[in-house]
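S.K.: Fold the stuff below for me.
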Amino acid sequence: MIRRACQCPRTTEHCAKGGAGDFRCRELLLKNSPEFSGSGRMFSECVLPPGASVGMHRHTGELEVCAFLEGCGKVWSDGGWQPVGPGDVAIAFDGDTHSVVNTGDFPLRYIALILYA
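M.R.: Next up is the predicted model:
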């Protein structure tokens with residue numbers, strides 16, 4: 001199966017989870033799609049423009065993996081802020097609280113995967 005870029009819906013959420021600016025996503029797998037086989041709810045390419053953020057939030061009954069592709073930022077992880085950039089992977093396990101902030105001058109682009117715990 002091939003899903004073409006034109007088949008992947010794009011969304012923009014302003015002040016996502018209480019954060020700042022716009023949070024743009026391109027759904028690589030559609031929410032609640034059969035491709036997840038009941039194991040998750042999100043597989044998306046995400047972009048935060050400079051200064052934008054996804055606010056602090058907790059994952060309950062699920063975990064989120066963020067694989068950073070471009071730009072630089074910081075992630076709240078393990079009780080503190082950690083710098084992230086291309087090649088880094090941040091994991092918020094079931095019950096963890098996390099946030100993502102673009103601290104750079106260019107868009108912060110990453111792949112987000114949310115799986116049920």
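
S.K.: From Leu108, how far off is Gly21?
M.R.: To Leu108, Gly21 is 11 Å away according to C-beta to C-beta, to the nearest Å. Yep, even glycine has a C-beta here, placed from its N, CA and C like the rest.

S.K.: quick one: common contacting residues for the two?
M.R.: Each of Leu48, Ala52 lies in contact with both Gly21 and Leu108 under the rule C-beta atoms under 8 Å, 6 or more residues apart in numbering.

S.K.: more crowded one of the two?
M.R.: When Gly21 is set against Leu108 and neighbours are counted by other C-beta atoms under 10 Å, the residue ahead is Leu108, at 26 against 17.

S.K.: how about the more buried one, what does it touch?
M.R.: With contacts defined as C-beta under 8 Å, 6+ apart, the neighbours of Leu108 are Val47, Leu48, Ala52, Phe68, Glu70, Gly71, Cys72, Gly73, Val100, Asn102.

S.K.: and those, which are buried?
M.R.: Neighbour counting by 16 or more other C-beta atoms under 10 Å classes Val47, Leu48, Ala52, Phe68, Gly71, Cys72, Gly73, Val100, Asn102 among the contacts of Leu108 as buried.

S.K.: Fine by me, we can end here.
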